[in-house]
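A.B. asks: turn this into a structure:
(one chain, ligands or ions: 1)
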Amino acid sequence: MATILSGRQVSRKIYQEISEQISRFGQKRPRLVLYCSHPDNSTQAYMKSILKQGEKLNIPVQVVEASSQPFKDIMRFNNDPGISGVMVMHPLKEVDEDMVIKSISPLKDVEGRGPMNLGGVVIGETSYAPPTAEAVMEILNYYNIPIKGKDVTILGRSTTVGKPLAMLMLKKGVDGTVTVCHSRTKNIDEKARAADILVSAVGKAGFVRKSWVKDGAVVIDVGINFSDGKIVGDTDFDEVREKASAITPVPQGVGLVTTAVLFKHLVESFKRILDGGL
Ligand SMILES: Nc1nc2c(c(=O)[nH]1)N[C@@H](CN(C=O)c1ccc(C(=O)N[C@@H](CCC(=O)O)C(=O)O)cc1)CN2
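C.D. replies: Presented below is the predicted three-dimensional model:
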């Protein structure tokens, strides 16, 4: 039976580090903007947990509805020294999300979704990696799961998880051997079964079955799906845990750590802006 890789302890460790840093800021606080337009269930759940965590950390989080002039909105955030981070909630309906993301200052792009930060991830530089991709690495690191020389299969090629995670796994010193699968991949089950570390970021409940998992593999479930009003992952948890050596639960897994990494980036951005001005 698999070890459960809870996100609780991992996020607690990150929040402890953040709290120590915040205590040195005196009365000053970073501020985060969540920019949204018609958020869906999954995004609303994410926003709710960010707002809740912001309250716990005493960090103001402001929800801003996209106006008819999104670029003007973003420029206002970029030029406001009181704002340390801007997060464009995905999907951003009725607005060209990619163009809006490109206009966020790289310094305030705490989700690392813009070309500067993503480029940094590709060349292995320190920059903001998308929090969910970084959360997967934090979990593997916390539980001392080796990546070097391991076969890693990532299901899903999104810009927030699949692609940046492949880069983080390939980085020199990390040295995973990575396969990224997507909707046009042939024999996806075989590629999943070849993995020592299988990461699913597809967003479909029950997508990964027991027969897709190699005996003793580590399974990281990034999916946040809603089934009968409950949050579930991409894996058939009860079946897969019989075969895997370790598995992340949903909820209480990657999602928790994602929010913690986001706040870690926000605090870094606040410090950079303080140190160097806008
Ligand atoms: N701007 C973005 N918007 C969206 C993203 C994103 O990465 N950036 N991703 C999804 C939301 N998402 C992850 O894919 C997500 C949804 C919900 C939660 C969440 O509720 N987390 C809870 C814990 C849940 C758990 O225990 O697993 C928490 O943080 O307390 C996190 C991520 C769509 N929109």
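A.B. asks: now the strands for the stretch 151-278 of the chain?
C.D. replies: Remark: strands assigned in the stretch 151-278 of the chain by DSSP state E, counting those that start in this stretch are 151-155, 177-181, 197-200, 218-221, 225-227, 230-232, 246-247.
A.B. asks: compare those and report which one is nearest to Leu51.
C.D. replies: strand 230-232 (16.7 Å; Cβ to Cβ). Where you see a C-beta, it was placed from the backbone N, CA and C, and this is true even at glycine.
A.B. asks: what pairs with the closest one, parallel or antiparallel?
C.D. replies: The pairing partners recorded for strand 230-232 under DSSP bridges are strand 225-227 (antiparallel).
A.B. asks: just to revisit the earlier point, as CSV, the strands of the stretch 151-278 of the chain with mean neighbour count, mean pLDDT and distance to the ligand would be great.
C.D. replies: As requested, the strands of the stretch 151-278 of the chain are exported to CSV (neighbours: other Cβ atoms under 10 Å; pLDDT from 0 to 100; distance: least, Cβ to the nearest ligand atom, whole Å):
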stretch, mean neighbour count, mean pLDDT, distance to the ligand
strand 151-155, 25, 99, 13
strand 177-181, 19, 98, 17
strand 197-200, 27, 99, 12
strand 218-221, 27, 98, 9
strand 225-227, 14, 93, 9
strand 230-232, 15, 94, 6
strand 246-247, 22, 98, 13
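A.B. asks: turn those strands into CSV, including distance to Asp109.
C.D. replies: Written out in CSV, the entries for those read as follows (distance: least, Cβ to Cβ, whole Å):
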stretch, distance to Asp109
strand 151-155, 23
strand 177-181, 23
strand 197-200, 23
strand 218-221, 25
strand 225-227, 27
strand 230-232, 27
strand 246-247, 32
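A.B. asks: and stretch 109-124, average pLDDT?
C.D. replies: Per-residue pLDDT over stretch 109-124 has a mean of 96.
A.B. asks: please shift the residue numbers so they start at 29 in all later answers.
C.D. replies: Sure thing, new numbering starts at 29, so read that last one as stretch 137-152.
A.B. asks: list the buried residues of that stretch.
C.D. replies: For stretch 137-152, the neighbour count (16 or more other Cβ atoms under 10 Å) marks 137-142, 145-146, 148-149 as buried.
A.B. asks: closest to Met75 among those?
C.D. replies: For the buried residues of stretch 137-152, the closest approach to Met75 (Cβ to Cβ) belongs to Glu139, at 13.0 Å.
A.B. asks: sec struct for that closest one, please.
C.D. replies: The three-state label for Glu139, taken from DSSP: H, G, I helix; E, B strand; the rest coil, comes out as coil.
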